[in-house]
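S.K.: Below is the sequence, then the predicted model.
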Amino acid sequence: MTVDWVRTGSQARVAAMGGEHAIILLDIGLPDGSGLDLLSEIRGEGISIPVLLITARDALGDRVKGLDLGADDYLIKPFDVAELLARIRAVTRRRSGNTQSRLEAAAMSLDLATRELTYGGECRLLPPREFALMHALMERPGTILSKAQIEDRLYGWDTSAESNAVDVLIHAIRRKFDKDVIRNVRGAG
C-alpha cells in the first residue's frame, strides 16, 4: 500500500478533498480539531472515500456517532496491525462491490490477503510494488490507467518515481507470467 500521512485535520481536509485515495484512516483526536467534525465535513462535501475511524474512545456513543456520521468502520486503539490491514481490505472490498478477498479479471486471480497472482496455471507471490500495480489494474477490469495514474497509486502524492519505474514493474510481471498479462493501449495507458 502507498500511504500519504498527514498530522493535522487541516492537512487531512486538503488530502480528502482531492478524492484520490482508496481509504482514509482518520483519528478522532486531531491536534487542531475533531476527526468527527472532519468526517462530517467530508461527507457533507459528497466525498465517498471509505473512512476507517481509529481512536482510543471505546464508548458505545462514540462508535455510534462515528458510524452515523458516515464512517465505514471503527477501530479502537490499541489494535494489532494484522487487524487493521484486514479491516482496510474488508472496507475497500465492500466499497468496490467485492465480497471476497480476491480480484479476478480475464484469466487472472489476485489474492488480496496473500499477495499471490495466479495466471495461466502459475501462482506467484508478488513483491509489494508488483502487487500494488496488479491491484490497481485489476480493481476495475477494462479501465485504462495512464502511467501517471499508476504512479500515483504506487508512490503517493508526496513521492516521485523514476521515469521508467512503472515500465520496470510491468516488465517484471510479464517476465514472471506472460507478455499478455498486462496490455498497453498505445497513447492511452
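M.R.: Alright, I've got the coordinates.
S.K.: Every contact and neighbour count from this point should use C-alpha atoms.
M.R.: Will do.
S.K.: before we move on, which element is residue 169 in?
M.R.: helix 165-176 (DSSP states H and E).
S.K.: Compute the mean per-residue pLDDT across that helix, please.
M.R.: Mean pLDDT, helix 165-176: 89.
S.K.: Pull out the buried residues from it.
M.R.: 166, 169-170, 173 (16 or more other C-alpha atoms under 10 Å).
S.K.: Would you state the helices of this structure in chain order?
M.R.: With DSSP state H, the ranges of helices along the chain come out as 9-18, 35-44, 60-68, 81-95, 128-139, 147-155, 165-176.
S.K.: Show me what the least confident helix or strand in the chain by mean pLDDT is packed up against.
M.R.: One helix or strand of the chain scores below all others by mean pLDDT, DSSP states H and E: helix 147-155, with a mean of 80. Judged by 3 or more C-alpha pairs under 8 Å, 6 or more residues apart in numbering; DSSP states H and E, the packing partners of helix 147-155 are helix 128-139, helix 165-176.
S.K.: repeat that for 7 Å
M.R.: Judged by 3 or more C-alpha pairs under 7 Å, 6 or more residues apart in numbering; DSSP states H and E, helix 147-155 is in contact with helix 128-139.
S.K.: buried set for stretch 140-153?
M.R.: By 16+ other C-alpha under 10 Å, the buried positions in stretch 140-153 come out as 145, 147, 150-153.
S.K.: Since that was my last question, I'll sign off now.
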